[in-house]
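Visitor: Return atomic coordinates for the entry below.
(one chain, ligands or ions: 1)
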Amino acid sequence: MSTLRLEDLKQYSDTLRTRHGEALNVRFVEPRDTEELQHYFRSLTTRSRYNRFFGAISELPKGLLSEFLDVGGRERFTVVATKLVDGFETIVAEARYAFHAETATLEFGLSVDDRWQGHGIATALMKNLECRADALGAEHLFGDTLRANDIMISLARKSGFTFVNHPDDWKLVRFDKEISVAPKDIPCASWRLAALSRQAESPSASA
Ligand SMILES: CC(C)(COP(=O)(O)OP(=O)(O)OC[C@H]1O[C@@H](n2cnc3c(N)ncnc32)[C@H](O)[C@@H]1OP(=O)(O)O)[C@@H](O)C(=O)NCCC(=O)NCCS
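Guide: Coordinates of the predicted model:
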């Protein structure tokens, strides 16, 4: 079981930068995001939605929507990257991840609003996920993508992932990376909070 304090989700928020230095807030999704999250998925191009969910959907089906909004249940989490657009906090990217304690791995999938693709958002978000994964105790980060998804494959390669065949589905390829987070960078709030809670559990370790 993770040490996240789910009653206080805001403390796990991070600020990321696009390639041009624009700030994005990355935070766990909240119930108030329900409409905005659906709006985000409806606004993706058909191709982006297909690449994200490996099938044709126009919005999140009810069951999947409630899974997306359930942060921490079965060690699964959704984060959104938001930006102020005309004074409104707007979702420009999302990622869903699952911590598998038995294999010490974190599995993820993500998407970026088509209007914001090519700005380095996925690159920054994947780095952030690596840090969140490390905070949960994962040693590897992996995801699956359609073999035809050249952009995701190129992005994963540039981000240091290696590729293996998917165990069950020939249409998919799995990308995997051993996690290496430099503690001195304290790159995400989850990492800092996990380190503090470990320190509190065994204060002598740092004495
Ligand atoms: C794949 C995806 C997440 C990339 O997001 P992004 O924020 O645009 O990615 P970045 O801007 O960080 O780009 C990183 C790299 O991806 C590749 N890339 C991004 N956009 C590309 C494009 N239009 N054509 C070719 N390569 C592209 C490049 O290698 C790029 O590096 P570079 O800019 O140094 O050349 C985005 O295209 C997306 O949401 N697609 C739909 C959902 C999906 O495919 N999810 C993945 C499966 S779970």
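Visitor: Find the residue closest to Leu16 in space, skipping its chain neighbours.
Guide: If you skip the residues right next to it in sequence, Leu16 has Ala124 as its closest partner in space, 4.3 Å away by Cβ to Cβ, 6 or more residues apart in numbering. (Each C-beta comes from the backbone N, C-alpha and C, glycine too.)
Visitor: so after the host helix or strand of that neighbour, what's the next helix or strand?
Guide: The secondary structure element spanning Ala124 is helix 121-136 (assigned by DSSP states H and E). From helix 121-136 onward toward the C-terminus, using DSSP H and E, the following helix or strand is strand 140-146.
Visitor: Show the model's pLDDT score for Ala23.
Guide: On the pLDDT scale, Ala23 is placed at 95.
Visitor: partner residues bridging it?
Guide: Arg17 (DSSP bridges).
Visitor: Would you check how far apart it and Leu16 are?
Guide: Taken as Cβ to Cβ, to the nearest Å, the spacing of Ala23 relative to Leu16 amounts to 7 Å.
Visitor: What of Gly120?
Guide: Gly120 sits at a distance of 9 Å from Leu16 (criterion: Cβ to Cβ).
Visitor: And Gly143, by the same measure?
Guide: As for Gly143, its distance to Leu16 is 18 Å (criterion: Cβ to Cβ).
Visitor: Settle it for me: which of those two has more neighbours?
Guide: Shown here are Gly143 and Leu16; by other Cβ atoms under 10 Å, Gly143 has more neighbours (22 against 19).
Visitor: Can you pull up the residues of this protein that come close to the ligand?
Guide: Taking Cβ under 6 Å from any ligand atom, the part of the chain that reaches the ligand is made up of 48, 51-52, 109-112, 117-123, 143, 145, 149, 151-152, 154-155, 158.
Visitor: rerun at 5 Å
Guide: Proximity of the chain to the ligand, by Cβ under 5 Å from any ligand atom, involves residues 48, 51-52, 109, 111-112, 117-118, 120-123, 145, 151-152, 154-155.
Visitor: Which members of those occur in strands, if any?
Guide: Of the positions in these, 109, 111-112, 145 sit in strands, assigned by DSSP state E.
Visitor: just curious, which of these is nearest to Ala98?
Guide: Proximity of these to Ala98, judged by Cβ to Cβ, is greatest for Gly109, which lies at 9.4 Å.
Visitor: what bits of the chain have low per-residue confidence?
Guide: The chain contains residues with pLDDT under 70 at 1-3, 6, 182-186, 203-207.
Visitor: tell me which residues form a beta bridge with the most centrally placed residue in it?
Guide: Within the chain, the residue whose C-alpha comes closest to the C-alpha centroid is Ala95; the distance, by Cα atoms, centre = their mean, is 3.6 Å. Counting by DSSP bridges, Ala95 forms beta bridges with Val79, Leu110.
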